[in-house]
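what follows is a protein structure lacking sequence information:
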Ligand SMILES: Nc1ncnc2c1ncn2[C@@H]1O[C@H](COP(=O)(O)OP(=O)(O)O)[C@@H](O)[C@H]1O
C-alpha cells in the first residue's frame, strides 16, 4: 500500500484530489479483493479457458468495447446472474449531469462533444460509487466504461486484481446504427433500441441481424435519446475509442486476461453464446441463488 501511495504521489498527472480518489478506490477495491482469495484460485486468468465456479463469491471483471456494442446490456445481465454490482462510469457521469451540481455544466460540454472526461473526475465519481457500495457490503464488480485509457488501466492494476476482461465486438456500421436507435424511457429508465439491423459480416463473417428491442406501449410516449447519440458525436466517440481505448485492449491482451467476443447478433443469439464462452450455467446459478 505504501509503495502504491508513493507511486501515485510521484505521478506527474496526479493532483492531490485525484490522489485522494485513487486511495479511496484502492481502499474500496481491496476490501472486495480481501474476500476473494478462494475465488481467485478457482478459475484461470486465461482468455481461452475461462470457467467460473458458481460457489465462488464474486468476480472482478471489466467489459470493454466500442460505444453501442452492448457493454451495458451484457454487463448488467451478468451482474444480475452473478449477484455482483454492475458499475458503469457512463451512468455515473449521466447521474452527475442530471444532478445539476457544480460539475454538471462542465461535464455536459465534454460529454456532448463525445470527448472523454478527465481521469480526475472519473476517479472521483468511481471512488464515491465504490464507497457507497462498500457501505452496503458490496463485493466484486463488473466494470463497464472503465478503464478507457491506458492510464486508467494502469491505475486499476495498481489497486486491484482484475480476473477477466471481456472485449465485445461488432462491425462499425452496426455500432453506429445501434447508437442511433438507442432510446431510454424517461419514466422507468429502461433501455430500448428501435434500430432494425441487417448488415453483411466483415472479412467473410456471417451477416449480423438484430431485431429492434421495442418499448412496451406505456413507454412509447416517454422515450428520450441520449444527447451524445447523434451521428456526428457517435463517430467522434468511435474515433476517440480507436485512439485512446483500443490500446487498453492491448494492455490486457498482453496480460492474457482478454476474452474477445464477436457478438453473433442480438440478445437471443449472443447471450447463450456469451454464457457458453464464460462457461456459465444460467440454471445452476439461478438454483444456487435460490438455495
Ligand atoms: N472511464 C471514462 N473516462 C473518461 N470519460 C468517461 C469514462 N466513462 C464514461 N465517460 C464519459 O461518459 C460518456 C458516456 O459514457 P458511456 O455511457 O460509457 O458511453 P459509450 O456509449 O460511448 O460507451 C463518455 O462519452 C465520456 O464522456
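Ah, there it is. In this text, all values refer to a predicted model and were calculated from it rather than measured experimentally.

please make it C-alpha for all contacts and neighbour counts, starting now.
Fine.

for the stretch 51-200 of the chain, just list every one of the strands.
Per DSSP state E, counting those that start in this stretch, the stretch 51-200 of the chain carries strands over the ranges 60-64, 86-88, 141-144, 164-169, 182-185, 191-193, 197-199.

kindly reformat those strands as TSV containing mean pLDDT, mean neighbour count and distance to the ligand.
Supplementary listing: the strands of the stretch 51-200 of the chain in TSV, determined by pLDDT from 0 to 100; neighbours: other CA atoms under 10 Å; distance: least, CA to the nearest ligand atom, whole Å:
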stretch	mean pLDDT	mean neighbour count	distance to the ligand
strand 60-64	97	24	9
strand 86-88	97	21	7
strand 141-144	96	24	7
strand 164-169	98	21	11
strand 182-185	96	21	10
strand 191-193	94	18	12
strand 197-199	94	15	18
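
in TSV, list those strands along with distance to residue 100.
Formatted as TSV, the strands of the stretch 51-200 of the chain follow (distance: least, CA to CA, whole Å):
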stretch	distance to residue 100
strand 60-64	29
strand 86-88	20
strand 141-144	24
strand 164-169	33
strand 182-185	20
strand 191-193	23
strand 197-199	36
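
can you report how many residues neighbour the residue in the stretch 151-291 of the chain that the ligand sits nearest to?
Distances between the stretch 151-291 of the chain and the ligand by CA to the nearest ligand atom are smallest at residue 237, namely 6.0 Å. Neighbour count for residue 237, taken as other CA atoms under 10 Å: 21.

right, and it touches residue 110 too?
No: using CA atoms under 8 Å, residue 237 makes no contact with residue 110, being 11.3 Å away.

quick one on the thing from earlier: average model confidence for whichever helix or strand the residue of the stretch 151-291 of the chain closest to the ligand is part of?
Using DSSP states H and E, residue 237 sits in helix 231-240. The average pLDDT within helix 231-240 is 96.

buried residues in the next helix or strand after that helix?
For helix 231-240, the following helix or strand on the C-terminal side (DSSP H and E) is helix 246-253. Residues of helix 246-253 classed as buried: 246-249, 251-253 (neighbour count, 16 or more other CA atoms under 10 Å).

tell me what helix 246-253 is packed against?
helix 150-159 (3 or more CA pairs under 8 Å, 6 or more residues apart in numbering; DSSP states H and E).

where in the stretch 51-200 of the chain is pLDDT low?
Confidence mapping of the stretch 51-200 of the chain against pLDDT under 70 gives the ranges 51-57.

up against the ligand, what does it have?
For the stretch 51-200 of the chain, the residues in contact with the ligand (CA under 6 Å from any ligand atom) are 66-68, 89-91, 93, 111, 114-118, 122, 145-148.

first-to-last residue distance for stretch 247-259?
15 Å (CA to CA, to the nearest Å).

contacts for stretch 224-232, please.
Contact partners of stretch 224-232, identified using CA atoms under 8 Å, 6 or more residues apart in numbering, comprise 111-114, 176, 179-180, 182-186, 234.

next one: it to chain centre, how far?
19 Å (CA atoms, centre = their mean, to the nearest Å).

quick one: it near the ligand?
No: contact of stretch 224-232 with the ligand (CA under 6 Å from any ligand atom) is absent, the minimum separation being 7.4 Å.

how long is that stretch end to end?
18 Å.

now do the buried residues in it.
Within stretch 224-232, the residues scored as buried using 16+ other CA under 10 Å are 225, 228-230.

go through stretch 75-84 and flag the buried ones.
Those would be 75-76, 78-79, 81-84, for stretch 75-84 by 16+ other CA under 10 Å.

nearest residue to the middle of this protein?
residue 144 (1.0 Å; CA atoms, centre = their mean).

quick check: nearest residue in space to that one, chain neighbours excluded?
Spatial nearest neighbour of residue 144, chain neighbours left out: residue 88 (4.5 Å); criterion: CA to CA, 6 or more residues apart in numbering.

that neighbour and residue 215: what is the separation?
According to CA to CA, residue 88 and residue 215 sit 22 Å apart.
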